[in-house]
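Asker: sequence unknown, structure follows:
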């Protein structure tokens, strides 16, 4: 995977990009990799829960202020569920909007201690007799924050349902988060939701007569966009998360399209937009650096992991992918990654449509006040709907 000269950063530019992070590196070196809060310490602006890693006192006060503001504004990711339990959206029926929220569970295929089951959130029309498409959505958050069970992502699911005219089921797994559960946990957990859909265990929540498993759209934002592309690549090659051949039951699932919203495709491989948008409203280089370390580690195997197709789908042939819809943000450090992806998809002969919200920051999918972001979101949703109905 080669970057064009217009997008690739030179060595001095990379040094400039991360120059302000020297103090963060010192904190990380002092506390370990990644540091673990043992309780009682102030939470940081990256992760807000009792067991959170933290970047040091320099960010604690600012982090708490931002955390409180975003939560009160209804925009904070589900990583705050432990700190703000009321930000969880419980399973219930909502007659006023015609939706119901159900929760299911699936056994982890990749066990590493802790819980045995993964929660799966399902948002469906309150009443339907039709066989409707399924939208599998992976939440963002740098593989380290976010929750499919949060109020924030319920808003995303509602928007998706509305885009389909309230005639779709939205399914989202509560995949395990780094650094407690680093790569490849998120990939295995994301694959597990497809195994669940292909099994009779899912029929209680999504009966075959109202849920069309041959009409599935897979989508995700930020880190969830990475998982969307990775899972799309595995499924089209009929592979499991461990790269072994998939079970025959998986052949019952048909992916009609992939939707990637400001995706983290290459995982901190420096591009020009990172320098251009180094003071991003939502995402900054030092945060990306921390997310990268939390997910991939900081040891000798880190660079080897970057070559794994399950970390970056561009490490494998893209031939045979379903149509792809990309929505990028102009003020996003990750913006150029979407253009690299678009070039790679076109070179592979994949049907790809790319929209850019030129004035929007990373994360615009959840911003009700961002006109440019809303228009770009609606265009991307409309394309996905069209692909599912084709």
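Answerer: Good, I have the coordinates. Since the model is a prediction, treat every value here as computed from it, not as a measurement.
Asker: Which pLDDT value belongs to residue 76?
Answerer: In this model, residue 76 is scored at 39, pLDDT.
Asker: Check the one 5 residues further on too.
Answerer: Per-residue confidence (pLDDT) for residue 81: 49.
Asker: Distance check, the residue most central in space within the chain against residue 384.
Answerer: Centroid-nearest residue in the chain: residue 224, 1.5 Å away (criterion: C-alpha atoms, centre = their mean). Look at residue 224 and residue 384: by C-beta to C-beta, to the nearest Å, they are 14 Å apart. (Each C-beta comes from the backbone N, C-alpha and C, glycine too.)
Asker: do the same with residue 182
Answerer: 30 Å.
Asker: and these two? which has more neighbours close in?
Answerer: residue 384 (28 against 20; other C-beta atoms under 10 Å).
Asker: From what I see, the more buried one and residue 259 are in contact.
Answerer: Yes: applying C-beta atoms under 8 Å as the test, residue 384 and residue 259 come out as touching, 4.9 Å apart.
Asker: tell me, what's touching the two both at once?
Answerer: In terms of C-beta atoms under 8 Å, 6 or more residues apart in numbering, residue 384 and residue 259 are both contacted by the residues 217, 219, 325.
Asker: my read: the second one touches residue 383, true?
Answerer: In this case it means residue 219. No: with contact defined as C-beta under 8 Å, residue 219 does not reach residue 383; the gap is 11.0 Å.
Asker: Tell me which of those two has more neighbours.
Answerer: Counted by other C-beta under 10 Å, residue 219 and residue 383 do not tie: residue 219 has more neighbours, with 26 against 19.
Asker: Give me the distance from the helix or strand encompassing that one to the chain's centre.
Answerer: Take DSSP states H and E as the rule and residue 219 turns out to sit in strand 211-221. Offset of strand 211-221 from its chain centre (C-alpha atoms, centre = their mean, to the nearest Å): 15 Å.
Asker: How about the contacts made by the nearest residue to residue 381 once chain neighbours are set aside?
Answerer: Closest residue to residue 381 apart from its sequence neighbours, by C-beta to C-beta, 6 or more residues apart in numbering: residue 163 at 3.8 Å. Residue 163 makes contacts with 378, 381, 382, 384, 385, as judged by C-beta under 8 Å, 6+ apart.
Asker: What of residue 265?
Answerer: Residue 265 touches 225, 226, 229, 312, 313, 314, 334, 337, 338, 340, 341, counting by C-beta under 8 Å, 6+ apart.
Asker: and the second one, how many neighbours?
Answerer: Number of residues near residue 226 (other C-beta under 10 Å) recorded here: 30.
Asker: Pretty sure it sits in a helix.
Answerer: Yes: Residue 226 forms part of a helix when assessed by DSSP: H, G, I helix; E, B strand; the rest coil.
Asker: and the nearest residue to it once chain neighbours are set aside, backbone torsions?
Answerer: Distances taken as C-beta to C-beta, 6+ apart place residue 264 nearest to residue 226, at 4.9 Å, with adjacent residues excluded. Dihedral pair for residue 264: phi -90, psi 80, per degrees, to the nearest 10.
Asker: show me the contacts for residue 264.
Answerer: Contacts of residue 264 (C-beta under 8 Å, 6+ apart): 140, 142, 222, 223, 225, 226, 288, 334, 337.
Asker: Please consider this matter closed, and thank you.
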